[in-house]
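>>> Below are the sequence and a predicted model for it; my questions follow.
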Amino acid sequence: MRDGSFGADRADELLHSLGEHLAAAAVHLDLVVIGGSALLALGLVARATRDVDVLAILRGETLAPADPLPPELEVARDRVARDFGLPSEWLNSGPTELLRFGLPHGFLARVETRTYGDALTIRYASRLDQIHFKLYAMVDQGAGRHENDLRALTPSAEELLMASRWARTHDPSEGFRQELEAALAHLGLTDADLDA
């Protein structure tokens with residue numbers, strides 16, 4: 001697309017190309033991805049996205065922060081950007097800060113794994129975990145696409161409560177709690193007990 005955004009098919013093409021560049025450098029990486037590109041890959045939304053958000057790098061059983069990206073990945077990413085006429089930020093480590101306060105319980109057991117050639121494995125956050133991340137982002141950054149994505153995921157009241165309690169572990173402030181309660185009411189969930 002002209003504005004630098006891409007859909008599911010192009011995202012798949014970009015990641016296969018990234019895998020080819022990594023294979024040529026004899027590097028294998030296992031990345032954990034969230035956000036719009038993960039929603040697209042899992043068929044949960046139909047909108048376009050502008051980037052692939054790398055949450056973490058999986059090393060064995062350990063999730064390591066993705067910032068900074070490994071040098072080999074940066075080189076491969078930049079080559080893909082050049083080949084497809086995209087900004088280098090098409091693949092970025094923006095959400096890796098989420099690791100600092102912890103991911104939803106059972107996160108890794110729920111990921112959906114895809115391979116892009118022999119050198120690149122992507123683990124996409126599950127629908128339930130995306131509900132957690134999208135609710136947090138909606139409260140923290142404002143509605144817009146986060147609200148649209150969240151509504152597309154059709155969360156149940158129970159899932160919204162789970163996501164709310166997790167979000168409070170990232171920001172326990174009273175101001176965030178008030179914003180969270182307002183967001184839940186906006187989504188149709190009133191009288192939510194966030195302390196249970």
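Received the coordinates, thanks. Given the structure is predicted, the values throughout are model-derived calculations rather than measurements.

>>> Poorly predicted segments of this protein, please.
1-3, 196 (pLDDT under 70).

>>> Domain ranges for it, per the record?
According to automatic domain parsing, the chain comprises the domains 8-125, 128-186.

>>> which SSE is residue 123 in?
For residue 123, the element it lies in under DSSP states H and E is strand 120-124.

>>> Adding mean neighbour count and distance to residue 193, write the domains of the chain out as CSV.
Yep, even glycine has a C-beta here, placed from its N, CA and C like the rest. Formatted as CSV, those follow (neighbours: other C-beta atoms under 10 Å; distance: least, C-beta to C-beta, whole Å):
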stretch, mean neighbour count, distance to residue 193
domain 8-125, 18, 18
domain 128-186, 17, 8
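
>>> With distance to residue 192 added, can I get these in a markdown table?
As requested, the domains of the chain are exported to a markdown table (distance: least, C-beta to C-beta, whole Å):
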| stretch | distance to residue 192 |
| --- | --- |
| domain 8-125 | 17 |
| domain 128-186 | 5 |
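
>>> residue contacts, the spatially most central residue of the chain?
With distances taken as C-alpha atoms, centre = their mean, the residue of the chain nearest its centroid is residue 34 (1.4 Å). The contact partners of residue 34, taken as C-beta atoms under 8 Å, 6 or more residues apart in numbering, are 53, 55, 95, 98, 124-125, 129-130, 133.

>>> Leaving out the residues flanking it, which one is nearest to it?
Excluding its sequence neighbours, the residue lying closest to residue 34 (C-beta to C-beta, 6 or more residues apart in numbering) is residue 125, at 4.4 Å.

>>> The one you found and residue 29, how far apart?
Noted for residue 125: a distance of 17 Å to residue 29, by C-beta to C-beta, to the nearest Å.

>>> Okay, now the sheet partners of the strand holding residue 123, with direction.
Here strand 120-124 has these sheet partners by DSSP bridges: strand 29-34 (parallel), strand 112-116 (antiparallel).

>>> Nearest to residue 187, out of these?
strand 29-34 (19.9 Å; C-beta to C-beta).

>>> All good on my end, thank you.
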